[in-house]
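Q: Make a model of this:
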Amino acid sequence: MSVSGATAAGRPASEQRRGAYDNRSEGERVSVAQDGPATFAAPAQTPSDLQPLLSVRDVTVRFGGIVALEAVSFDVRVGEIVGLIGPNGAGKTTLFNCLSRLYDFENGSVLFAGRSLKQLPRHEIAQLGIGRTFQNLALFRSMSVRENVLIGGHCHTRGGFFVNAFRFPIVIREEQRVEQQAQKLMQLLGLAAHAQRRVADLPFGFQKRVELARALAAVPKLVLLDEPAAGLNHEELGDLMGLIRRVRDELGVTVLLVEHHMGLVMRVSDRVVALDFGRKIAEGTPAEVQSDPEVIRAYLGVAA
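A: Numbers count the residues shown, from 1 in each chain. Have a look, this model is predicted:
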């Protein structure tokens, strides 16, 4: 469902989703520290939420003489799940690396919540509100599930060596807030029973959940999922679809995912953007993109 879709009452669908979350019992919601960063209890929607959260305009990336991305443009609106598809080498991960500032782009612009990312230092991306998972898991395998998730929440903590060494009250409050967020996320993603287990001892599908939980612990407005279905079996794929929807519906987090598993993309996405050889070849609803002649040609090498 697109964020721009209206309910029978005339409210945006994303507002109804977030309202349902806010109306849950106090014990089920993440507590909010007055002096800390925003937590998962989503604010009420405003008309500005109908504007793009992420706006990509004419982004071009070259590696020597190779054009990895050529004038790619699309928007992601608040509350959407947008799928980014394309054959191998289409430029999907390159685009993700531009959004997370691992790569620079020559031309074009990327605006997130109205702010340009082009000159933003990469270490400020998480603080701005963008989280990310990776194709190759980047977990601390010798640490526990809980410890990995806690690490994700520390990008918002404040205070240097002196403040932390003397355990000022602000340090204690922030640690409590990060712990509460971690516990909520582990419960949401089915990791609570494994909180004290080493990540290396978990099945691969659960390691994927740990990486997602760590990305969400930073309380992002937008999470970038880089091939979340890779290596998962059929049952785990079904679980993943449900988790992605819960991330959007219960936490109010907008989702942009790169994925080769077409069934998952078409079932979970509100809109789909298709790339081929670094160019955008289609954009629309899953049904529209799936039947687009350019998309069929890119995947099958034949005309529709």
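Q: Report the contact partners of the nearest residue to residue 90 once chain neighbours are set aside.
A: Nearest non-adjacent residue to residue 90, counting by CB to CB, 6 or more residues apart in numbering: residue 275, 4.1 Å away. Bear in mind the C-beta positions are built from the backbone N, C-alpha and C, glycine included. Listed by CB atoms under 8 Å, 6 or more residues apart in numbering, the contact set of residue 275 reads 72, 84-86, 90-92, 95, 281.
Q: Mind pulling up the pLDDT for the closest residue to residue 53 other than its chain neighbours?
A: Taking CB to CB, 6+ apart as the measure, residue 53 lies nearest to residue 78, with 4.8 Å between them; neighbours along the chain are not counted. The predicted local distance difference test score for residue 78 is 96.
Q: quick one: residue 78 from residue 220, how far?
A: When CB to CB, to the nearest Å is applied, the distance between residue 78 and residue 220 equals 12 Å.
Q: repeat for residue 79
A: Computed as CB to CB, the residue 79 to residue 220 distance reads 14 Å.
Q: sorry, back to before: want to throw the contacts of residue 275 into a markdown table with neighbour count?
A: Conversion of the contacts of residue 275 to a markdown table gives the following (neighbours: other CB atoms under 10 Å):
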| residue | neighbour count |
| --- | --- |
| 72 | 24 |
| 84 | 27 |
| 85 | 27 |
| 86 | 24 |
| 90 | 23 |
| 91 | 23 |
| 92 | 24 |
| 95 | 29 |
| 281 | 18 |
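Q: Please flag which of the residues you listed sit within strands.
A: Of the positions in these, 72, 84-85, 281 sit in strands, assigned by DSSP state E.
Q: Need the max-distance pair from those residues.
A: 72 and 85 (13.2 Å; CB to CB).
Q: still on that earlier bit, would you reformat the contacts of residue 275 as CSV and include distance to residue 153 and pLDDT?
A: Below are those laid out as CSV (distance: CB to CB, whole Å; pLDDT from 0 to 100):
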residue, distance to residue 153, pLDDT
72, 32, 98
84, 27, 97
85, 31, 96
86, 33, 95
90, 33, 94
91, 32, 94
92, 28, 95
95, 27, 96
281, 39, 97
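Q: Return the member of those nearest to residue 216.
A: In terms of CB to CB, no member of the contacts of residue 275 lies closer to residue 216 than residue 84, at 19.3 Å.
Q: got the buried residues for the particular helix or strand that has residue 184 in it?
A: Element membership of residue 184 [criterion: DSSP states H and E] is helix 169-188. Residues of helix 169-188 classed as buried under the neighbour-count rule (16 or more other CB atoms under 10 Å) are 170-171, 174-175, 177-178, 180-186, 188.
Q: After that helix, which helix or strand is next?
A: helix 204-216.
Q: Compute the inter-axis angle for that following helix and helix 169-188.
A: Here the directions of helix 204-216 and helix 169-188 differ by 140 degrees (axes from the mean of the first three to the mean of the last three CA atoms, to 10 degrees).
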